[in-house]
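Novice: give me coordinates for this.
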Amino acid sequence: MDILSLRLFLRIAELGGVTAAANDLSLSPASASARLVKLEEIVGFRLFNRTTRAVSLTTDGELFLPFAQQTLETLEAGLNAVRGQEESVQGLLRMAMPGSFGRIYIIPLLVEFQARYPLVKLDLRLSDEVLDVVEGAYDLIIRNAPLADSSLIVRKLAPDRRLLVASPIYLKRCGVPITPDDLSAHQCVTLGETSWAFENGQTLSVAYSSTVNDGEAMRKIIEQGMGIGRKSVWNASESLKSGLLVEVLPEFPLITEAAIWLLYPSLRILAPKVRAMIDFLISQFQPIPPWEN
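Specialist: Numbers count the residues shown, from 1 in each chain. Predicted structure coming up:
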């Protein structure tokens, strides 16, 4: 499997035809077709559906595509390093992140990143599922869930401080708790957790009145006056500033073990596009993340 064959595969996928890709790479159509057949023999599956009019990726070809892109970029980065050539920041950057965090904090930054690195194309996945970096062929994942991927490089992007919040409407109707013990008499809204741990050593079992599996929906429920809930500061900061939410029990801070992480495959050579995005995000969220200002 040589570099030219991988590049040919990518160009056929992009241009939609063997002849067009062959011309782009200064190959004859016959030579390009032979290379494609050989590549399919090596990988062990068909990469394209071919008709007299069109060429399209097979399901296996679609799955193989991002891995081929990563492999080619890593090889070219290695060759450039050996030759002493400057690495250019370009290529397709596949990136995944939690939905709410991405919409609020990452998406608004991307226009600046694109202006700095116009040759980088972005392929973004916003999902609250815990996605696998390798299986999904992602270059970079932002995660605020527990980490279990020992084969990945992990960098802390920002703290994920949690606090208890409620709406003024709810507190006026049901009263303001003075100590954690008072929470047993209150309606609570959870994201599936069963207990809240405080820095004073108390751990409280949560008898919830509402539970939900989406952080944005949870915040809306609390804003409507349906109870007290534990929220990330990054998610609740605008509601706290506007007065839709207020902090509950500020004298009894919660234990926060969570953080927002950057995860990427543990390759010795980090692609310039990935390094550029990591450095860009670190500069935007450190030393103080925007929600803590």
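
Novice: look up the closest residue to the most centrally placed residue in the chain, ignoring the ones flanking it.
Specialist: By CA atoms, centre = their mean, the chain has its centre lying nearest to residue 97, at 2.0 Å. For residue 97, ignoring the flanking residues on the chain, the nearest one in space by CB to CB, 6 or more residues apart in numbering is residue 142 at 3.9 Å. All C-beta atoms are positioned from the backbone trio N, CA, C, and that covers glycine.

Novice: let me see the contact set for the residue nearest to the centre of the chain.
Specialist: Listed by CB atoms under 8 Å, 6 or more residues apart in numbering, the contact partners of residue 97 are 106, 124-126, 141-143.

Novice: any idea which helix or strand comes after the lowest-mean-pLDDT helix or strand in the chain?
Specialist: Averaged element by element with mean pLDDT, DSSP states H and E, the chain has its least confident helix or strand at helix 59-83 (a mean of 78). Next along the chain after helix 59-83, taking DSSP states H and E as the criterion, comes strand 91-97.

Novice: mind giving me the packing neighbours of the helix or strand following that next one?
Specialist: Using DSSP H and E, the helix or strand that follows strand 91-97 in sequence is helix 99-101. Applying 3 or more CB pairs under 8 Å, 6 or more residues apart in numbering; DSSP states H and E, one finds that helix 99-101 contacts helix 215-223, helix 233-242.

Novice: which ChimeraX command selects the buried ones in the contacts of residue 97?
Specialist: Those of those that count as buried under 16 or more other CB atoms under 10 Å are selected in ChimeraX with:
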select :106,126,141,142,143
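
Novice: from the contacts of residue 97, pick the one nearest residue 220.
Specialist: Distance to residue 220, by CB to CB, is smallest for residue 126 among the contacts of residue 97, at 18.2 Å.

Novice: now that closest one: phi and psi?
Specialist: Dihedral pair for residue 126: phi -100, psi 120, per degrees, to the nearest 10.

Novice: rewinding a little: and the contacts of the least confident helix or strand of the chain?
Specialist: Helix 59-83 is contacted from outside by 3, 6-7, 9-10, 13, 43, 45-48, 57, 86-87, 91-92, 94, 137, 139, 267, 269, 271-273, using CB under 8 Å, 6+ apart.

Novice: return the subset of the residues you listed lying in strands.
Specialist: Those of those mapping onto strands are 48, 57, 91-92, 94, per DSSP state E.

Novice: so which of the residues you listed comes closest to residue 279?
Specialist: Taking CB to CB as the measure, residue 279 sits nearest to residue 91 out of those, at 16.1 Å.

Novice: report the beta-bridge partner residues of the closest one.
Specialist: In this entry, residue 91 is beta-bridged to residue 120, by DSSP bridges.

Novice: now do it, the pLDDT please.
Specialist: pLDDT, residue 91: 84.

Novice: number of nearby residues for the nearest residue to residue 117 once chain neighbours are set aside?
Specialist: Nearest residue to residue 117, sequence neighbours excluded (CB to CB, 6+ apart): residue 89, at 4.7 Å. The number of residues packed near residue 89 is 17, by other CB atoms under 10 Å.

Novice: thinking again about what came up before, distance of the residue nearest to the centre of the chain relative to residue 236?
Specialist: As judged by CB to CB, to the nearest Å, residue 97 and residue 236 stand 19 Å apart.

Novice: where along the stretch 101-250 of the chain do the helices fall?
Specialist: Assigned by DSSP state H, counting those that start in this stretch, the stretch 101-250 of the chain shows helices spanning 110-116, 168-174, 215-223, 233-242.

Novice: as CSV, the ones you listed with mean pLDDT and mean neighbour count would be great.
Specialist: Output for the helices of the stretch 101-250 of the chain, formatted as CSV (pLDDT from 0 to 100; neighbours: other CB atoms under 10 Å):
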stretch, mean pLDDT, mean neighbour count
helix 110-116, 96, 12
helix 168-174, 97, 15
helix 215-223, 94, 20
helix 233-242, 96, 17
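
Novice: in JSON lines, list the ones you listed along with distance to residue 259.
Specialist: Shown next, in JSON lines, are the helices of the stretch 101-250 of the chain (distance: least, CB to CB, whole Å):
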{"stretch": "helix 110-116", "distance to residue 259": "22"}
{"stretch": "helix 168-174", "distance to residue 259": "29"}
{"stretch": "helix 215-223", "distance to residue 259": "16"}
{"stretch": "helix 233-242", "distance to residue 259": "11"}
